[in-house]
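1. The following block contains a protein sequence and its predicted model.
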Amino acid sequence: MQIGLKLSIESKREMAYTHWKDIEQVERYAEKRYRSWDQRWLNKREQKIVTTLFKDYQLCGTILDIPVGYGRFLPILREFGTVYAADWGFMPLVYQERKLGIAYGSVNGIAQFLPFKSQSIDVVFCFRLFQHMHEQEERIAILQEFKRVSRNWIVVSIYIKNPLHILHRAVAKKPSRITMLTRGDFKGEVSMSGLKIMQKQAVVPGFHAHNIYLISTK
């Protein structure tokens, strides 16, 4: 089967986070990101939900992990098929290939313009990107692009408005800006993209805004 990789595509819009400048920066982030006890617990919750989702719905085949970041989910995704790692940054791809070596191939590109042929992927996996997309048109453009390349499934995570999480971010004064939607808002965007929500799961119901959605392209 031909996946149809093309040349790298540069983004016309600056993303919500910065490039890692070298592989050492990726390594440092990977070491510290989930080091605290609460973040380790959250990481385990997210990985358990993803694993269960893939097993329950028999998601398998060719899997696109975008953005791959430091490859947190690559070991899990590889259990279910052939994984392609994609990221707008170059260093995450270098890190994946040199340190992990899990993905079948690495692709430099952005979510709105994926360098893959239409319906060449079985599952598009997109984790912790949408909270950085602050405009509805951006999120819909990404969902429509995922629909174009995926034959069957899209797994995406998004922040759904949660009073406790909003309060926590206000008190802790988090420097990063994230977007939280209502369930109705996101359902509407999925529908406008010609997609259908099959399953949704809050990572920590009632306490954390992060939710994981399984979406069908059919």
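-> Great, that's in hand. Residues are numbered from 1 along each chain as shown.
2. which one's the longest strand in the chain?
-> The longest strand of the chain (DSSP state E) is strand 150-159.
3. Tell me the buried residues in it?
-> The neighbour-count check on strand 150-159 (16 or more other C-beta atoms under 10 Å) flags 150, 152, 153, 154, 155, 156, 157, 158, 159 as buried. To be clear about C-beta, it is placed using only N, CA and C from the backbone, and glycine gets the same treatment.
4. Can you name every helix or strand that it contacts?
-> Applying 3 or more C-beta pairs under 8 Å, 6 or more residues apart in numbering; DSSP states H and E, one finds that strand 150-159 contacts helix 37-56, strand 61-65, strand 121-126, helix 136-149, strand 210-216.
5. go again using 7 Å as the cut-off
-> strand 121-126, strand 210-216 (3 or more C-beta pairs under 7 Å, 6 or more residues apart in numbering; DSSP states H and E).
6. Pick the most deeply packed of those.
-> strand 121-126 (a mean of 25; mean count of other C-beta atoms under 10 Å).
7. Which secondary structure elements does that strand sit against?
-> strand 61-65, helix 136-149, strand 150-159.
8. now the angle between strand 210-216 and it, please.
-> 160 degrees (axes from the mean of the first three to the mean of the last three C-alpha atoms, to 10 degrees).
9. what's stretch 199-218 in contact with?
-> 42, 45-46, 49-50, 53, 57, 147, 150-162, 164-165, 180, 190, 195-198 (C-beta atoms under 7 Å, 6 or more residues apart in numbering).
10. Next secondary structure element downstream of the lowest-mean-pLDDT helix or strand in the chain?
-> Least confident helix or strand of the chain, by mean pLDDT, DSSP states H and E, is helix 163-172 with a mean of 60. Downstream of helix 163-172, the first helix or strand assigned by DSSP states H and E is helix 183-192.
11. Restrict that following helix to CA atoms and write it as CSV.
-> Extracted C-alpha coordinates of helix 183-192, given in CSV (Å, rounded to 0.1, in the frame of the first residue of the first chain):
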residue,chain,number,x,y,z
ARG,A,183,-19.3,19.4,24.9
GLY,A,184,-21.9,21.0,22.6
ASP,A,185,-19.4,23.2,21.0
PHE,A,186,-17.1,20.4,20.1
LYS,A,187,-20.0,18.1,19.0
GLY,A,188,-21.0,20.9,16.6
GLU,A,189,-17.5,21.2,15.2
VAL,A,190,-17.3,17.5,14.7
SER,A,191,-20.7,17.5,12.9
MET,A,192,-19.7,20.4,10.7
